[in-house]
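Visitor: build me a model:
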Amino acid sequence: MIIIAIIYACLLFFEWRYLYCKNRTVRTYRIVFAFVIFTFLSMEALYFFRDQFMLADVIEMVFDPMEKFIVWSNEKNE
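Guide: This is a model prediction of the structure:
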C-alpha cells in the first residue's frame, strides 16, 4: 500500500508541476486532482479487498457470454 501511495504522490507532483507551468485554470486543477484522488482510493480499495474481490471473476462475467456466442456461431457455420 505504501508503494501505491508513493507512486500516486509522484504522479500528483508531476501533474501539479505540468499544470503550474502551463498556467491552467483552477477548474482544471480540481478536475485533475479529483481524478487522481479517485483512482488512488480505487486502487487502495482493490488492494485492501484483493482476497474478497477477484478482478478475474468480473472479467469472466463480462466476457464469457461474448465468448460463448462466438464459439456458438463458429460451430453453427461449420
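Visitor: not counting its neighbours along the chain, what's nearest Leu46?
Guide: Phe53 (6.7 Å; CB to CB, 6 or more residues apart in numbering). C-beta here means a position set from N, CA and C on the backbone, and glycine is covered the same way.
Visitor: what values do phi and psi take at the one you found?
Guide: The phi/psi pair for Phe53 (degrees, to the nearest 10) reads phi -120, psi 120.
Visitor: show me the shaky parts of this structure.
Guide: Low-confidence segments of the chain (pLDDT under 70): 73-78.
Visitor: contacts only, for the residue nearest in space to the middle of it.
Guide: Ranked by distance to the mean C-alpha position of the chain (CA atoms, centre = their mean), the top residue is Thr39 at 6.2 Å. Contact analysis of Thr39 by CB atoms under 8 Å, 6 or more residues apart in numbering lists Tyr8.
Visitor: please identify the buried residues of the helix or strand it falls within?
Guide: In this structure, Thr39 sits in helix 26-48 according to DSSP states H and E. Using 16 or more other CB atoms under 10 Å as the test for burial, helix 26-48 gives 32, 36, 40.
Visitor: burial measure for the residue nearest to Leu46, as a count.
Guide: 11 (other CB atoms under 10 Å).
Visitor: could you tell me the end-to-end distance of stretch 18-33?
Guide: With CA to CA, to the nearest Å as the measure, stretch 18-33 spans 12 Å from end to end.
Visitor: what residues does it touch?
Guide: 12, 15-16.
Visitor: can we see that at 7 Å?
Guide: For stretch 18-33, contacts defined as CB atoms under 7 Å, 6 or more residues apart in numbering pick out Glu15.
Visitor: what's the spacing between it and its chain's center?
Guide: 21 Å (CA atoms, centre = their mean, to the nearest Å).
Visitor: now stretch 1-11
Guide: Here stretch 1-11 is found 14 Å from its chain centre; the criterion is CA atoms, centre = their mean.
Visitor: show me which residues of that stretch are buried.
Guide: Tyr8.
Visitor: now what about it, what contacts it?
Guide: 36, 40, 43-44, 47.
Visitor: please repeat the previous calculation with a cut-off of 6 Å.
Guide: 40, 43, 47 (CB atoms under 6 Å, 6 or more residues apart in numbering).
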